[in-house]
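Novice: sharing a model that was predicted from the sequence below.
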Amino acid sequence: MKTQLTERSDVSCLSEFDPPPLFVRVMGFIELGCSGVISFAHIKRIVQQHLLLAGRSFKGILMDLGWSSAQLTQSGRGFTFLQEEPLDMRYDPTATLRASDIVNTWSEENIASTLKEYSQERFAWRIAHGITQARRDKPFKTNLQLVEVIRNATPRWYHERAIHPATKTFQSLRIAVNGELEALKEGLAGGLEIILSEGIIAVISFHSLEDRIVKLFFRQWYKEGRGMILTKKPVAPGKEEISANPRARSAKLRIFQKHEVL
């Protein structure tokens, strides 16, 4: 996937947006004296304030919407199933909404709708019911409390798959807490504005909701004459890459090249 990106884009200055989805590292960013947690939604502002003023132009942006194992296991905010942590899931520690707020205060209907919308969880209603029943006795404070409820609410065969039974629920809560999908939309729109003509936007997504947003944005830009889609179908990792990095199995790469609207 990386080789194809290099061959197609002729990237002279690449702004790389690293996982997790709302955390951003811009190449050269630290040297400019900036730090902190930045959302994809702030791409345009950050580049305008700190990079374009330094005389740097952009021919490409790579948005990597994935996670690293270290970020999952070392955040201390309840993203992992491996050890007990507070059920937080905020990327930005100054944000007000926590995952624990959702499971402790939202209605059963709203929780189920969130699980269905953001992860297509087939047992959304059973899990939501289990959550609302469990919180009557004890409010949720940790990630492992939630994992136990999910296990009790789902059938045994659901626990024996390669994917952990709590994966989709945790994904839904993470997306809801951090407004990931809206941030992605704002990041795509801002990114197209800041790159030069003939520049590219490349996005690596890891679940269908993200990929659909990217696909629809690219199609709309193409219809508006703002450029061309370089990947008619998303590029998937090969067998060797998946073998070396199993987490890459769901990755999809899409690339768009900007043209000036005449």
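Specialist: Nice, I can see it.

Novice: so residue 257, which of the three states?
Specialist: Three-state assignment for residue 257 (DSSP: H, G, I helix; E, B strand; the rest coil): strand.

Novice: identify the bridge partners of it.
Specialist: Under the criterion DSSP bridges, residue 257 forms beta bridges with residue 200, residue 228.

Novice: go ahead and confirm residue 225 touches residue 260.
Specialist: No. Using CB atoms under 8 Å, residue 225 and residue 260 do not qualify as a contacting pair, with a distance of 9.5 Å. In short, each C-beta sits where N, CA and C put it, glycine included.

Novice: what sits up against whichever helix or strand residue 157 is part of?
Specialist: Secondary structure assigned from DSSP states H and E places residue 157 in helix 156-159. Residues outside helix 156-159 that contact it (CB atoms under 8 Å, 6 or more residues apart in numbering) are 123, 151, 165.

Novice: restricted to helices, list these.
Specialist: residue 151 (DSSP state H).

Novice: give me the buried positions along whatever helix or strand comes next after the helix holding residue 157.
Specialist: With elements assigned by DSSP H and E, the helix or strand that comes after helix 156-159 is helix 167-178. Using 16 or more other CB atoms under 10 Å as the test for burial, helix 167-178 gives 168, 169, 170, 171, 172, 173, 174, 175, 176, 177, 178.

Novice: just stretch 239-251 next, same as before
Specialist: Per 16+ other CB under 10 Å, stretch 239-251 contains these buried residues: 248, 251.

Novice: could you do stretch 199-218 as well?
Specialist: By 16+ other CB under 10 Å, the buried positions in stretch 199-218 come out as 199-207, 209-211, 213-215, 217-218.

Novice: also stretch 86-104?
Specialist: Quick answer for stretch 86-104 (16+ other CB under 10 Å): 87, 88, 89, 90, 91, 98, 99, 100, 102, 103.

Novice: and stretch 183-201, by the same measure?
Specialist: Buried residues in stretch 183-201 (16+ other CB under 10 Å): 183-188, 190-192, 194-195, 199-201.

Novice: how about stretch 152-162?
Specialist: In stretch 152-162, counting by 16+ other CB under 10 Å, buried: 153, 154.

Novice: and that stretch, how far apart are its ends?
Specialist: For stretch 152-162, the first-to-last residue distance is 18 Å (CA to CA, to the nearest Å).

Novice: pLDDT (mean, whole number) over it?
Specialist: Averaged across stretch 152-162, pLDDT comes to 95.

Novice: so where do the helices sit in this structure?
Specialist: Going by DSSP H, the chain shows helices at 2-9, 43-46, 69-74, 99-105, 108-119, 124-137, 143-153, 156-159, 167-178, 180-194, 208-223, 239-244.

Novice: please name the bridge partners of residue 60.
Specialist: Taking DSSP bridges as the rule, residue 60 bridges to residue 14, residue 200.

Novice: i'd like the first residue to be 306 from this point on
Specialist: Right, with 306 as the first residue, what we last looked at is residue 365.

Novice: count the residues that sit near it.
Specialist: Per other CB atoms under 10 Å, the neighbour tally for residue 365 reads 26.

Novice: that one reaches residue 506, doesn't it?
Specialist: Yes. Judged on CB under 8 Å, residue 365 makes contact with residue 506 at a distance of 7.4 Å.

Novice: what is in contact with those two at once?
Specialist: Going by CB under 8 Å, 6+ apart, residues that sit against residue 365 and also against residue 506 are residue 500.

Novice: now residue 483: how far from residue 394?
Specialist: Distance, residue 483 to residue 394, using CB to CB, to the nearest Å: 7 Å.

Novice: and for residue 469?
Specialist: 16 Å.

Novice: neighbours of residue 381, how many?
Specialist: 11.
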